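Visitor: The following block contains a protein sequence and its predicted model.
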Protein chains: 2
Amino acid sequence: MEKTTKPLKTFMKPASLKQVRMTDTFWSSRQRNVTETVVPYQWDALNDAIPGAEPSHTIENFRLAAKEAEGEYYGMVFQDSDLGKWLETVGFVLSTQPDPQLERIADEVIDLLGRAQQPDGYLNTYYTVKEPGKRWTNLRDNHELYCAGHLMEAAVSYYEATGKRKFLDIMSRYADYIAEVFGRDDGQKRGYDGHPEIELALIKLARATGNDAYMELSKFFVDERGQQPHFFDLEADERIAAGDLRRDTPGQKKRLYDYFQAHLPVREQRTAEGHSVRAVYLYSAMAELAAQYGDEQLMNACKELWQDTVRRKMYVTGGIGSSAFEERFTVPFDLPNDRAYTETCAAIGLMFWAQRMLQIEKDRQYTDVMELALFNGVMSGISLDGKSYFYVNPLEVWPSAADFRNDMKSVKVTRQPWFGCACCPPNIARLIASLGQYLYSQQEDGGEIYVHLYAGSEFEAEVNGNQVRLSQQTNYPWDGQVTLEVTPAEPCEFTVALRIPGWCRQAAIRVDGQEADAAAHDNGYVKLRRVWQPGVRIELSLDMPVERMYSSPLVPANAGKAALQRGPVVYCLEEADNGANLHDIAIAADAEFDVHFDEKLLGGVAVLSGIGTRSVVPAESGQALYTTQSYSRTAVPITAIPYFAWSNRSRGEMTVWIRENG
Amino acid sequence: MEKTTKPLKTFMKPASLKQVRMTDTFWSSRQRNVTETVVPYQWDALNDAIPGAEPSHTIENFRLAAKEAEGEYYGMVFQDSDLGKWLETVGFVLSTQPDPQLERIADEVIDLLGRAQQPDGYLNTYYTVKEPGKRWTNLRDNHELYCAGHLMEAAVSYYEATGKRKFLDIMSRYADYIAEVFGRDDGQKRGYDGHPEIELALIKLARATGNDAYMELSKFFVDERGQQPHFFDLEADERIAAGDLRRDTPGQKKRLYDYFQAHLPVREQRTAEGHSVRAVYLYSAMAELAAQYGDEQLMNACKELWQDTVRRKMYVTGGIGSSAFEERFTVPFDLPNDRAYTETCAAIGLMFWAQRMLQIEKDRQYTDVMELALFNGVMSGISLDGKSYFYVNPLEVWPSAADFRNDMKSVKVTRQPWFGCACCPPNIARLIASLGQYLYSQQEDGGEIYVHLYAGSEFEAEVNGNQVRLSQQTNYPWDGQVTLEVTPAEPCEFTVALRIPGWCRQAAIRVDGQEADAAAHDNGYVKLRRVWQPGVRIELSLDMPVERMYSSPLVPANAGKAALQRGPVVYCLEEADNGANLHDIAIAADAEFDVHFDEKLLGGVAVLSGIGTRSVVPAESGQALYTTQSYSRTAVPITAIPYFAWSNRSRGEMTVWIRENG
């Protein structure tokens, strides 16, 4: 296929994991958790070796497909993707630290993948084992290309970590075969998957292999989405003709198609609709393709979808998708806290999208959201010990109602060990393992290094032909002091661009002891351009007071309330610190909060302390439910902890939004 | 059966409809609505004569049972009860005004009932037509005794209205047969219906016929409820033995049984649980039986259940049942406004229960709730024109979310013409038609007349052998001036007890121009005892300022909010008067409200006007969803209308609870 890409010149390149070594207090323990606990646990899960847990059958399905075992397929139709996410995580882990035993296990399972691959390149255990002959008959529902995508992402990750091509070759063969099946020529299907994923995976595969055909295939899938005649109708017609399934009634269609982001051609989509994880996976691919092809129309759609998401449909924690039903976006400003769905995977997907928008636009508005989602909506999904997970991340929990009410049945009051549909745990593991790539970018043309996120780390880059090391030291997110030591192999000129986060009202920068103008930033990035001598220190100081966050008055759920945020960390009140009936607590508009770091609490967190008020509640018996007298209020100490750390002690109430009075 | 009743001496007798003539501005138009619109409409509905509406098939089912038509049974298993409720309403209507044509229609359908009755007295179209031979095999689910109960209530109503015994005899024959089937002797079933109703119907039947066997049968059903071995288990075992149905799994049982108020013997029940309509129907019967049998244990259970209901589980509108799932009570203080279920029938049932508690305890706490439910939770269920209905009565509606969110799918934003399960429209019709009986009671032993509710009306009573007429004139609920003219046939001594409503802080009473002590009340009733001369006027003046109502601080949904109430009428804000984003409106704690009666608005209502504040919302584009700056606020006029009158203009937002600040 002819090379047709004309990338935008301004498209930055995120750090590869090989370039970044994490040395951070906050993140290193979490990454160790992934390496030492989550990855082995997940491997056992994939192999049905966890007593008491529902079997995954994932590895066994591949054995069945390879005809090395006998039995029935078991599991979700997208079970293969669990192995994809695990292998991708293994790749990320191996990128940063060798682990021969883990690599041997991975090599063996990759060999199995190779044996499970069909002679024509096809690799999907569900259709190979359970429904042979039915390949590509239900793209809308059956996640066939979605599974392929996760395996492709894994192949790229493993290749980048180990340099071994076997997995990459397996998945390239599969991609080649997919490119034969799908396309605009006679006999090809003009289809796409109901769950976007392969689109962003093919972009990675194109970059890793240098084969632009995969980029074209990704663009094809994105371009076809939502076109008329509608592919989901056509394939449903074929199923009916084959006697497989009745066609959906017309009334269902419109709803169904926006669920899949297939209600309109993507360039005509202006509002974030449907299943939120699917949405942000698609938008991630759209953004990269827009940059890759210099496609302004596509980029404009991405920008409008972004604004609709972050200005109308995002929780203060960076969570998205406010409805459990269809795990979807709803209407603008519908952000209930107690019935927030805010799937962990959706916050992760929002990071994927933000990261891609950021490379194109070089604008902190994307980094701010990426960081917000990371420290709040994503990290709330995993317990401090890494062993239990929230799939759903409410911003307010009243356990007795959440347990009892059927309209809140998606809300779990405590983190769960694993899930029947186990998408979030492996997704959060791969995010944490690959965090290094979110910290830095390079603009190669201009010799620019961008520092997006602050975390103890070392970044090695080639800038204008010179080897440069950036050493970052910080106690982020607990304080805003960051020291960067810039060490080029020899003195040379380039730019270090530092993000001044949107949450920071006052920043100071000193380079080699000299003050630099922190206010002179370009879309939130202060660009320090000079001939760097080895060992020059940049000292960045970000003011990190406790901030009150207020919602737009268009959000019903948060009227009259404020949330506490410090730096990128959103806080909450927990019953463990504040007693029950958290809804009764109010804070004065001018109440101040003290910050102290408690190293013994919740793995070490900055705690906020202040004074609020509570109603004086008379002994309950004999008290009317409604009175004409308002209750008198009394001052009480209140304690807020980071939202991500909630539900790591006793079961109890929690709230992010706190009533404000006075 | 031997007479075993030993009624409590203090048990008052509510007015019969024959004794009360309504002359009230507020109620007469609504009663006319029932007579002129609802009753004919419902008759057409029962006869499948409403174009476009789902067929009811109710009358046709009776024809099938009488073998006067051919075809299949159609409708809910409790379809017969629709005819019962209609005939009961017809009885109420005929009690107060003759209507020969309506009476002829009723007589004809009663003849049909007679022909549909089986030789042994059984009368249920579902089992006669659809499952002959399966009578009494599923009391838990199939509403067999429930339908009997509604027909019994109708028979009593029709007998009291017309003096015609035919329907009463039909239902007595059925009751006699039921008394053979159910009981503690060998070969009898120790069962009861999953939906309480026959219990309170049998009490009415006993009173109308003088046959205490029916009272005993009611007591039997109440006493057996929740006993072990559990009847629902035993009948399920029999169904399994007959190959009909698998037994419910043990895990489901506990939940199912509290749904039916059958989780414990009734005397051990202390908290209001399960389906709220079923609950209050049961509690109504329990209260009457407690009084009838002097059963203190049963009365104590009623009192505790009452306190649990009104102090922990009742909305400020008198609505009960806060969960759409199972239409049930949930946990204490779980009273969400946007997902309030608060079925119209449940508020009606709460009135039934309150009325019965009131007769026993002579305490305004019951009257206050009865009145609250009537003017708010009940009347919100019917449109001003009587043609559309709310089954679910939320206290806060945001239409775009209510339409979109699956977890709010029970909430309808506008009243609906009828319902598939059409319980509420006929229930509200019979309540309005029978309202007279809620206004007055007599304590015969002591020669006391109790005035419970204020409404233009004439009450004729025999007191200590004298005919007494009480003429009441008032513009209630729009002002608190009530004039009562007492006219005994000749001068005689008796008591007129006037309720000083709990919402009234300041009342004044003048009798024949002389001031009486309104503060000297006995559980809320001022007792005026004297030798009454004909034509003496009592002037009652109830202060009726606008009150702020506050929730217990234990109710999460109402924290920081107040509701406006004036007299018994709870107010709300509607978008039609106040624009959208009602959640953004706040009122100062000391804001005052003016009252003016607007005769042209909503059929004539007292409107509240005041000043509140709203956020200054910058033009939406370009605005962040979250900011560190709170929004400035600006004063705005706000207008509140009675809650019962909402949704009679344009579709839009509504809220009862309003944020309070300062």
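Guide: Received the coordinates, thanks.

Visitor: Would you quantify the distance from A:Leu64 to chain B?
Guide: 33 Å (C-beta to the nearest C-beta, to the nearest Å). Where C-beta positions appear, they are placed from N, C-alpha and C, glycine not excepted.

Visitor: what about that residue, helix or strand, and which?
Guide: helix A:58-65 (DSSP states H and E).

Visitor: now swap in A:Val607 and tell me
Guide: Using DSSP H and E, A:Val607 falls in strand A:605-615.

Visitor: Would you mind pulling up the elements that the helix or strand that comes right after that strand packs against?
Guide: As assigned by DSSP H and E, the chain's next helix or strand after strand A:605-615 is strand A:626-627. Helices and strands touching strand A:626-627, by 3 or more C-beta pairs under 8 Å, 6 or more residues apart in numbering or on different chains; DSSP states H and E, are strand B:546-551.

Visitor: strand partners of the strand it packs on, parallel vs antiparallel please.
Guide: When sheet partners are counted by DSSP bridges, strand B:546-551 sits next to strand A:626-627 (antiparallel), strand B:561-566 (antiparallel).

Visitor: quick check: mean pLDDT across the first one?
Guide: Per-region confidence: strand A:626-627 scores 94 on mean pLDDT.

Visitor: downstream neighbour of that strand in the secondary structure list?
Guide: strand A:633-642.

Visitor: Is that following strand positioned near chain B?
Guide: No - counting by C-beta under 8 Å from any C-beta of the partner chain, chain B is not contacted by strand A:633-642; separation bottoms out at 9.2 Å.

Visitor: neighbouring strands for the helix or strand just after that strand, and are they parallel or not?
Guide: Next helix or strand after strand A:633-642 toward the C-terminus (DSSP H and E): strand A:654-655. Each strand that pairs with strand A:654-655, with its direction, by DSSP bridges: strand A:396-397 (antiparallel), strand A:569-574 (antiparallel).

Visitor: need the residues of the stretch 201-350 of chain A near chain B, please.
Guide: Going by C-beta under 8 Å from any C-beta, the residues of the stretch 201-350 of chain A near chain B are A:310-312, A:314, A:316, A:323-326, A:330-331, A:334, A:339.

Visitor: near chain B, which residues of the stretch 401-550 of chain A?
Guide: A:401, A:404-408, A:503, A:505, A:547-550.

Visitor: which SSE is the residue sitting nearest the centre point of chain A in?
Guide: With distances taken as C-alpha atoms, centre = their mean, A:Ile348 lies nearest the centre of chain A, 0.9 Å away. Counting by DSSP H and E, the element that carries A:Ile348 is helix A:344-361.

Visitor: which other helices and strands contact that helix?
Guide: strand A:13-14, helix A:276-293, helix A:296-312, helix A:364-372, helix A:424-433.

Visitor: what are the C-alpha coordinates of the third one, in PDB please?
Guide: Once non-C-alpha atoms are left out, helix A:296-312 reads as follows in PDB (Å, rounded to 0.1, in the frame of the first residue of the first chain):
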ATOM      1  CA  GLU A 296      -8.200  19.100  10.300                       C
ATOM      2  CA  GLN A 297     -11.800  18.100  10.000                       C
ATOM      3  CA  LEU A 298     -11.000  15.000  12.100                       C
ATOM      4  CA  MET A 299      -9.000  17.100  14.600                       C
ATOM      5  CA  ASN A 300     -11.900  19.600  14.900                       C
ATOM      6  CA  ALA A 301     -14.200  16.800  15.700                       C
ATOM      7  CA  CYS A 302     -11.800  15.600  18.400                       C
ATOM      8  CA  LYS A 303     -11.600  19.100  19.900                       C
ATOM      9  CA  GLU A 304     -15.300  19.500  20.000                       C
ATOM     10  CA  LEU A 305     -15.700  16.100  21.600                       C
ATOM     11  CA  TRP A 306     -13.100  17.000  24.100                       C
ATOM     12  CA  GLN A 307     -14.800  20.200  25.100                       C
ATOM     13  CA  ASP A 308     -18.100  18.400  25.400                       C
ATOM     14  CA  THR A 309     -16.500  15.800  27.600                       C
ATOM     15  CA  VAL A 310     -14.600  18.000  29.900                       C
ATOM     16  CA  ARG A 311     -17.000  20.900  30.100                       C
ATOM     17  CA  ARG A 312     -20.300  19.000  30.400                       C
END
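
Visitor: tell me what it is packed against?
Guide: helix A:276-293, helix A:344-361, helix A:364-372.

Visitor: What's the nearest residue in the stretch 51-200 of chain A when you look at chain B?
Guide: As assessed by C-beta to the nearest C-beta, chain B sits closest to A:Glu54 within the stretch 51-200 of chain A, at 18.1 Å.

Visitor: Quick one: neighbours of that residue, just the number.
Guide: 13 (other C-beta atoms under 10 Å in any protein chain shown).

Visitor: three-state assignment of it?
Guide: What DSSP: H, G, I helix; E, B strand; the rest coil gives for A:Glu54 is coil.
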